[in-house]
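1. Predicted structure and sequence below. I'll ask about it afterward.
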Amino acid sequence: MRPVRFVALGDSLTEGVGDPVGEGWRGWAALLADGIGESVEFTNLAVSGSQTRDVLERQLPAGLALRPDVVSVVVGVNDTLRCTFDIHAVASRLDAVYAAFASQGAVVLTACLPDPGAMLGLPGALARPLARRQRAVNTVVHALSERYGAVHLHAAEGAWLMDRAMWSADRLHPGERGHRQLAVRFHALLAEAGLATGGAPSPEPEFPVPTKSASLWWLATAGTGWVARRCTDLLPQLLRLAADEVGHRARGTSARLDLRAAHAVSMALAALSADIA
C-alpha cells in the first residue's frame with residue numbers, strides 16, 4: 001500500500017515556530033504525522049506570516065497537486081492582526097480552500113484558535129477588539145468545518161491556554177510542550193474517527209526547556225521583530241478601535257459592538273450559502 005499523504009497548510013503555528021529542532025522548526029503537524037499511519041509522506045507548506053489570502057493563492061495549488069489523503073488548514077490569526085481584516089473575505093477564502101480539498105476526498109483538519117490579545121496580555125480596550133475578530137474567525141471555521149465534515153479541534157479554550165509551560169517566550173506560539181499538546185489532541189480526534197492507526201505522539205518534551213535568558217534574548221531580537229512586522233499596519237486602526245471600545249463602555253453600549261460583529265459573521269456565512277444554492 002502507498003504511504004498516507006499528509007499536507008499541512010497555514011502560518012507560523014503550523015510551520016512550527018516555538019518548537020526549534022536543529023536550525024529550523026518542527027511543530028505540531030510534524031509531530032502528528034508519525035501517528036497517522038505506519039507509512040506517511042508529510043509535506044509542510046505553512047509559511048510564517050501567512051493570511052487566508054496566502055493560503056488560498058499560494059499554498060492551495062501546491063497542496064492540491066500533492067493530492068493529500070489528510071490536509072490541515074489552520075490559519076486566520078494573522079488576518080486579525082491586519083488593518084484590512086474583513087470577515088467576509090476570510091470566510092470566502094476558507095470556504096474555497098476547504099471545498100477544494102474536500103472535492104479531492106481529503107480529510108480536512110481545522111482548529112479554532114485563542115485570540116492574540118489575550119495571549120499577549122494586552123489591556124482590555126486593546127484586547128477586546130482583537131478577541132472579537134478572533135471569535136468571528138473561529139465562528140466561521142466552526143461552521144465551515146461542519147459543512148465539509150472536517151476534523152475540528154477546539155483549541156481556543158481549555159486549561160492549556162493559561163499554562164505558561166505550554167507557550168514560548170513570545171506568548172503567541174506554543175513551545176515544544178504546547179505543539180505536542182496540539183498533536184496529541186488532533187491524533188485523538190483522528191483515532192476516534194478511525195483515521196489514525198499509528199501511536200499517539202508523546203506529550204512530553206524531547207528537548208530541555210529553553211533557559212529564561214535564552215527566551216528573553218529570542219524575544220528581544222527575533223520575537224520582537226516577528227510581532228512588529230505583523231502589527232505595524234494594525235496599530236493605528238487598533239488605537240481607533242480601542243477608543244471606540246472605551247467610548248461604548250462609557251455609554252454602556254458595548255453590547256452593540258458584539259452584535260455588530262455577530263451580524264457581520266452571519267452575513268458572511270449567509271453569502272456563502274447563497275453561492276452554494
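-> Here it is on my side, so go on. Note that the structure is a prediction, hence the values are computed from the model and not measured.
2. Quick check: S92 is in a helix.
-> Yes - judged by DSSP: H, G, I helix; E, B strand; the rest coil, S92 forms part of a helix.
3. Surely it and L269 touch.
-> No - judged on CB atoms under 8 Å, S92 makes no contact with L269 at a distance of 10.3 Å. Every C-beta, even on glycine, is put in place using the N, C-alpha and C of the backbone.
4. where exactly do the strands run in the stretch 101-250 of the chain?
-> 107-112, 151-154 (DSSP state E, counting those that start in this stretch).
5. Quick one: closest of those strands to P203.
-> Of all the strands of the stretch 101-250 of the chain, strand 151-154 sits nearest to P203, with 15.0 Å by CB to CB.
6. Adjacent strands (with direction) for that closest one?
-> strand 107-112 (parallel) (DSSP bridges).
7. May I have the strand it pairs with as PDB, with CA atoms only?
-> What follows is strand 107-112 as a C-alpha-only set of coordinates in PDB (Å, rounded to 0.1, in the frame of the first residue of the first chain):
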ATOM      1  CA  VAL A 107      -9.700  14.500   5.300                       C
ATOM      2  CA  VAL A 108      -9.500  18.200   6.300                       C
ATOM      3  CA  LEU A 109      -8.200  19.100   9.800                       C
ATOM      4  CA  THR A 110      -9.100  22.500  11.200                       C
ATOM      5  CA  ALA A 111      -8.900  24.300  14.500                       C
ATOM      6  CA  CYS A 112     -10.200  27.400  16.300                       C
END
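8. Which residues does that strand contact?
-> With CB atoms under 8 Å, 6 or more residues apart in numbering as the test, strand 107-112 has contacts from 69-74, 98, 101-102, 137-138, 141-142, 144-145, 148-156, 182, 186, 190, 195.
9. Mean confidence (pLDDT) on it, please.
-> In this model, strand 107-112 has an average pLDDT of 98.
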